[in-house]
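1. predicted coordinates and the sequence they were generated for:
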Amino acid sequence: MRTVRLTMAQALVRFLAAQHTERDGEVRPLFAGVFGIFGHGNVAGLGQALQQYPELLRFIPTRNEQAQVHAAVGYARMKNRLQTFACTSSIGPGATNMVTGAALATINRLPVLLLPGDIFARRQVAPVLQQLESPCSQDISVNDCFRPVSKYWDRIERPEQLITAAPEAMRVLTSPAETGAVTLCLPQDVQAEAYNYPEDFFRHRIWNVPRNRPDAAALRRAAELIRGARRPLLIAGGGVIYSDATAALRAFVDATGIPVAETMAGKGALPHGHPAALGAIGVTGTAGANRIARDADVVIGVGTRYTDFTTASKTAFAHPDVRFVNVNVAEFDAGKHGGLALVGDARATLELLLEALEGWSVDASYREEVARHVTEWDREVERLYGMRGEDGAPSQAAVIGAVNRAAGERGVMVCAAGSMPGDLHKLWRPRHPKSYHVEYGYSCMGYEVAGGLGVKMAVPDRDVFVLVGDGSWLMMSSEIVTAVQEGVKLTVVLIDNGGYASIGGLSESLGSGGFGARAVRRGADGSLSGPPLEVDFAANARSLGAEVIPASDLRELEAALEEARTRPGTVVIPIRIRPEPRVPSYDAWWDVPVAEVSEMESVRRAREAYESARAAERWLV
């Protein structure tokens, strides 16, 4: 066997550059590059290897380890999980900074490879700088924190272990059912150790991403169940978009008349304006989607994992005999709610299911009812887009409307966490399956700018609009610097609503009056009741290298969005809004427990309302 002598880090870089994915005959590199921040735990290992082989993997220095994982996730999502980035850090805090990003990737089932530096495999010099010492074992480091949030985890303690560990990591990264964060912990001494690696280890390798078909008998039973339904409803999750099944979904809906409601990850599965597109479902759902869901007798979940926001904490489906048919690549999700499991690729399964339902359709009266809901909701969105505060200041809904118009047919909107995702889920009018990019599987504040960076790198020919609240901006806006460094153009609309508007509204509904959620100074009496904190967001953004176009009202926002198109680099548009009036909820509830006993009358009233609402929760098994 022919071999080549390389350090473990050099071998890893060469191996990663040789990995590719294939689906539907199209082959592409699995890794677009490596995000990273160097420290003593990786600079002489991976750092040296990346410097030695710049033609193999592009290296992009970032400003925050958590943010670089978010950027990789944003890229992987736009690429339908067929391409991603690797992320490297030093040991200690650099590594643990990536744990939140790992959890986000795994919960959203998006592939990202994490390469944190680790302590010495040879223990002679221990404890090294930033090493966690354990009195019960010398085989523990802070990188063990990645175990529960990784779909695959390994520690490479000898350079030859890479030969078996790396292919296992690729197997998981390219799995449509089991993908997520993959962590290979790299002791800093092992990264620099050499080994005679087989040349075959570095061969051009293609990982096929299959379109698995469901069991034929299960498919027949599903078709029979749907044929017997009077009021079926299809819930489109992220799996519809990741499997490139939007055309198959539209053909299915056009033929059968079954209406479609969308999860956060599935929004855009049907374009705005389709007569069967009810829009968002659940806690952040539209009036029509939630009313149709209430009476649905058969629910067809395609590529959804049925989070509590989708099911409105198990209150959305009120039909006493409701049945579920679940299409999912993951057996775990396909079996939820006691559903009839169709374990398979969304596109392939929808095509097969359409064949099995040939000649069948819902009643014309049901189609008409759904179409009325769609039309009524369109009017409601126009009303909400026109909402203003008492002083005429723009509402959050009005800002969303302005950005939606500016995005046009091909623009991509990026957001995460806070009150905006709920409003966006209801109000955004998607014109393309990839126009709506909201991270809500983990609802992670700070994702927005970093995720937007990854999105734009994935689709450089499309305009990317980042919607971020003041709370998230202050948590993590550092990758503005990386966008400037890489010449990546983002249009960032920075909405200042004076604190944590989302949790403030929730706090008020629970009887706690928004405690701790407003950006105010501490008062003379020691309470959080002083004057508002004033942050110069324009100066803050400008200091990071962005161009800034402040806006004080809706007219100036629309002009700023138009002006941003002409600017070559990243533009930040700060705008102050009024949290009130808010976009209302539509026939939906979210289970957030209220204190069972309290001296506060407002909390006692909220507990009574909570117990009354909770009575509608069901065991869907």
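-> Happy to help now that I have it.

2. by mean pLDDT, which helix or strand of the chain comes out lowest?
-> Ranked by mean pLDDT, DSSP states H and E, the weakest helix or strand in the chain is helix 501-509, scoring a mean of 86.

3. with only the CA atoms kept, save the helix or strand that comes right after that one in PDB.
-> For helix 501-509, the following helix or strand on the C-terminal side (DSSP states H and E) is helix 537-543. Only the C-alpha atoms of helix 537-543 are listed here, as PDB (Å, rounded to 0.1, in the frame of the first residue of the first chain):
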ATOM      1  CA  PHE A 537     -26.700  51.500  17.300                       C
ATOM      2  CA  ALA A 538     -25.700  53.600  14.200                       C
ATOM      3  CA  ALA A 539     -22.300  54.400  15.700                       C
ATOM      4  CA  ASN A 540     -22.000  50.800  16.900                       C
ATOM      5  CA  ALA A 541     -22.600  49.300  13.400                       C
ATOM      6  CA  ARG A 542     -20.300  52.000  11.800                       C
ATOM      7  CA  SER A 543     -17.500  51.000  14.100                       C
END
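
4. gap between helix 537-543 and the chain center?
-> From the chain centre to the centre of helix 537-543 is a distance of 27 Å (Cα atoms, centre = their mean, to the nearest Å).

5. what lies in contact with that helix?
-> Helix 537-543 is contacted by residues 470, 473, 477, 480, 492, 494, 496, 548, 550, 572, 574 when judged by Cβ atoms under 8 Å, 6 or more residues apart in numbering. Quick note: C-beta positions are derived from backbone N, CA and C, even for glycine.

6. repeat for stretch 458-467
-> For stretch 458-467, contacts defined as Cβ under 8 Å, 6+ apart pick out 74-75, 78-79, 83, 399-400, 403, 406-408, 410-415, 420, 424, 434, 448-449, 451-452, 455-456, 488-493, 495, 565.

7. any buried residues in it, and which?
-> By neighbour count with 16 or more other Cβ atoms under 10 Å, stretch 458-467 contains the buried residues 458, 459, 462, 463, 464, 465, 466, 467.

8. stretch 359-377 too?
-> For stretch 359-377, by 16+ other Cβ under 10 Å, it's 362, 366, 367, 369, 370, 371, 373, 374, 377.

9. ok, now stretch 171-186?
-> Buried residues in stretch 171-186 (16+ other Cβ under 10 Å): 172-186.

10. on that earlier part again, I'd like the contacts of helix 537-543 as TSV, with secondary structure, pLDDT and neighbour count appended.
-> Listed next are those as TSV, based on DSSP: H, G, I helix; E, B strand; the rest coil; pLDDT from 0 to 100; neighbours: other Cβ atoms under 10 Å:
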residue	secondary structure	pLDDT	neighbour count
470	helix	95	23
473	helix	96	25
477	coil	97	26
480	helix	98	26
492	strand	98	26
494	strand	97	27
496	strand	93	18
548	strand	98	20
550	coil	97	16
572	strand	98	28
574	strand	98	24
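
11. what is the nearest of those residues to residue 607?
-> Ranked by distance to residue 607 (Cβ to Cβ), those are led by residue 470 at 31.2 Å.

12. I'd say the closest one and residue 495 touch.
-> Yes. Assessed by Cβ atoms under 8 Å, residue 470 is found in contact with residue 495 at 6.9 Å.

13. return the member of the contacts of helix 537-543 nearest to residue 516.
-> For those, the nearest to residue 516 is residue 470 (15.3 Å; Cβ to Cβ).

14. what sits against that closest one?
-> 494, 495, 496, 497, 498, 499, 519, 535, 537.

15. cool, residue 345 as well?
-> So residue 345 contacts 176, 210, 211, 212, 213, 243, 245, 329 (Cβ under 8 Å, 6+ apart).

16. of those residues, buried ones?
-> 176, 211, 243, 245, 329.

17. among those, which are in strands?
-> With DSSP state E as the criterion, strands contain none of the buried ones among the contacts of residue 345.

18. distance to residue 308 added to the residues you listed, as a markdown table?
-> Output for the buried ones among the contacts of residue 345, formatted as a markdown table (distance: Cβ to Cβ, whole Å):
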| residue | distance to residue 308 |
| --- | --- |
| 176 | 24 |
| 211 | 30 |
| 243 | 24 |
| 245 | 25 |
| 329 | 22 |
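
19. and the two most separated of the residues you listed?
-> Checking those with Cβ to Cβ, the most distant pair is 176 and 245, at 12.0 Å.

20. what helix or strand is residue 422 located in?
-> helix 420-427.

21. packing partners for that helix?
-> strand 277-280, helix 364-385, helix 396-407, strand 412-416, strand 436-439, strand 464-469 (3 or more Cβ pairs under 8 Å, 6 or more residues apart in numbering; DSSP states H and E).

22. pLDDT of it, averaged?
-> The average of the pLDDT scores along helix 420-427 is 96.

23. tell me, what residue is most central in this structure?
-> residue 439 (2.8 Å; Cα atoms, centre = their mean).

24. that residue - nearest residue in space that isn't next to it in sequence?
-> Distances taken as Cβ to Cβ, 6 or more residues apart in numbering place residue 416 nearest to residue 439, at 3.8 Å, with adjacent residues excluded.

25. circling back: rebuild the helices and strands packed on helix 420-427 as CSV, extending it with distance to residue 526 and mean pLDDT.
-> Formatted as CSV, these follow (distance: least, Cβ to Cβ, whole Å; pLDDT from 0 to 100):
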stretch, distance to residue 526, mean pLDDT
strand 277-280, 42, 98
helix 364-385, 39, 97
helix 396-407, 32, 96
strand 412-416, 34, 98
strand 436-439, 37, 98
strand 464-469, 27, 97
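
26. those: which one's closest to residue 339?
-> The nearest among the helices and strands packed on helix 420-427, by Cβ to Cβ, is strand 277-280 at 20.2 Å.

27. now the closest one - C-alpha only, CSV.
-> Output of strand 277-280 as CSV, limited to C-alpha atoms (Å, rounded to 0.1, in the frame of the first residue of the first chain):
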residue,chain,number,x,y,z
ALA,A,277,-51.6,27.9,0.9
LEU,A,278,-53.0,28.6,4.4
GLY,A,279,-49.6,29.9,5.6
ALA,A,280,-48.3,29.4,9.1
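
28. okay, the angle between the following helix or strand past that strand and helix 364-385?
-> Counting by DSSP H and E, the element after strand 277-280 in chain order, helix or strand, is helix 287-295. Angle between the axes of helix 287-295 and helix 364-385 is 140 degrees (criterion: axes from the mean of the first three to the mean of the last three Cα atoms, to 10 degrees).

29. elements contacting helix 287-295?
-> Against helix 287-295 (3+ Cβ pairs under 8 Å, 6+ apart) you get strand 260-262, strand 277-280, helix 364-385.

30. rerun at 10 Å
-> Contacts defined by 3 or more Cβ pairs under 10 Å, 6 or more residues apart in numbering; DSSP states H and E place helix 287-295 against strand 232-236, strand 260-262, strand 277-280, helix 364-385.

31. average model confidence for the second one?
-> So the one you mean is strand 260-262. pLDDT averaged over strand 260-262 gives 98.
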